[in-house]
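> Fold the following and give me the result.
(one chain, ligands or ions: 1)
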Amino acid sequence: MTGWLHGSGLPVDNGLVRDSRCRAAEGVYAVGDVARWHHQQLGAPPRPENRTNAAEQAMAVAADILGADRAYTPVPYLWTDQYDTKIQIPGAVPAGADAGATVVDGDPATGRFVARCRNAGVVTGVLGWDMPKQARLRRQDVADALAGGPAGSDSPRESGSVP
Ligand SMILES: Cc1cc2nc3c(=O)[nH]c(=O)nc-3n(C[C@H](O)[C@H](O)[C@H](O)COP(=O)(O)OP(=O)(O)OC[C@H]3O[C@@H](n4cnc5c(N)ncnc54)[C@H](O)[C@@H]3O)c2cc1C
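Below you'll find the predicted structure:
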């Protein structure tokens, strides 16, 4: 998809690499599946290949062109239906030694739950497993954490842990 950009002088590395304002170079913007960027809170996410991301990036670019000078720091969102199960992931699910998750709604034993995911104690995402309404509500936990708000670390309302 990016082959035609090689030799253009634009930074291509698993997508067209942009800064936090969606700019690949002065006056050059990249939006959608083709673009990768540095998220100021989550670091360098992979390219989120979904329509929500493409639409939100387009709005961010329009705002930047109009002079908003605002970093693009969305809560990334992924959903998929696997047979009868709806899986929703606002934010990012970390991997590695510092990663963990805590069940905050439902119960994995029933096949319906929401888990809050964290990296080094900081909330980075939510995994909703066949609990769409609760997963949508818990998206705010991620937004708060990215903004340095109350859900940035584990809170007492949690009901169980997933290692
Ligand atoms: C089978 C499938 C199912 C999907 N289901 C979902 C879903 O349920 N929900 C969801 O959110 N997302 C879904 N996606 C992902 C979603 O379609 C993409 O994330 C979204 O379309 C990205 O938008 P875009 O504008 O970046 O790219 P695109 O929609 O791919 O648009 C890029 C356009 O650029 C054109 N183009 C490419 N190269 C050139 C060139 N050199 N010169 C001129 N034009 C060029 C292409 O022909 C295309 O029209 C799905 C994708 C696939 C393939």
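> Show me the shaky parts of this structure.
Scanning the chain for pLDDT under 70 picks out 44-46, 149-163.
> for it, what spans make up the helices?
51-65, 132-146 (DSSP state H).
> Let me see the ranges of the strands in the chain.
With strands called from DSSP state E, the chain shows them at 16-18, 23-25, 28-29, 35-37, 77-82, 85-90, 99-107, 112-119, 122-129, 160-162.
> At the geometric centre of this structure, which residue do we find?
Closest residue to the average C-alpha location of the chain: residue 76 at 2.5 Å, with Cα atoms, centre = their mean.
> How about the backbone phi and psi for it?
phi -60, psi 150 (degrees, to the nearest 10).
> tell me the contacts of it?
By Cβ atoms under 8 Å, 6 or more residues apart in numbering, the contact list for residue 76 reads 39, 42, 45, 48, 53, 90-92. Every C-beta, even on glycine, is put in place using the N, C-alpha and C of the backbone.
> Same check on residue 81?
residue 87.
> State the distance from it to the ligand.
Taking Cβ to the nearest ligand atom, to the nearest Å as the measure, residue 81 falls 9 Å from the ligand.
> partners of that residue in the sheet?
Here residue 81 sits in beta bridges with residue 86, going by DSSP bridges.
> how does the protein divide into domains?
3-65, 77-162 (automatic domain parsing).
> Quick one: which of the contacts of residue 76 is the most crowded by neighbours?
For the contacts of residue 76, the largest neighbour count, defined by other Cβ atoms under 10 Å, is 27 neighbours, found at residue 91.
> Excluding residues flanking it in the chain, which one is nearest that one?
residue 125 (2.9 Å; Cβ to Cβ, 6 or more residues apart in numbering).
> any idea how far the closest residue to residue 118 other than its chain neighbours is from residue 120?
Leaving aside its sequence neighbours, residue 118 sits nearest to residue 100 (Cβ to Cβ, 6+ apart; 5.5 Å). The gap separating residue 100 from residue 120 is 9 Å, by Cβ to Cβ, to the nearest Å.
> Compare the two (neighbour count), which wins?
Just comparing residue 100 and residue 120: by other Cβ under 10 Å the higher neighbour count belongs to residue 100, 17 against 12.
> so how far is the ligand from that one?
Counting by Cβ to the nearest ligand atom - residue 100 and the ligand are separated by 28 Å.
> same question, residue 108
To the ligand, residue 108 is 26 Å away according to Cβ to the nearest ligand atom.
> so that residue touches residue 130, yeah?
No: with contact defined as Cβ atoms under 8 Å, residue 108 does not reach residue 130; the gap is 10.5 Å.
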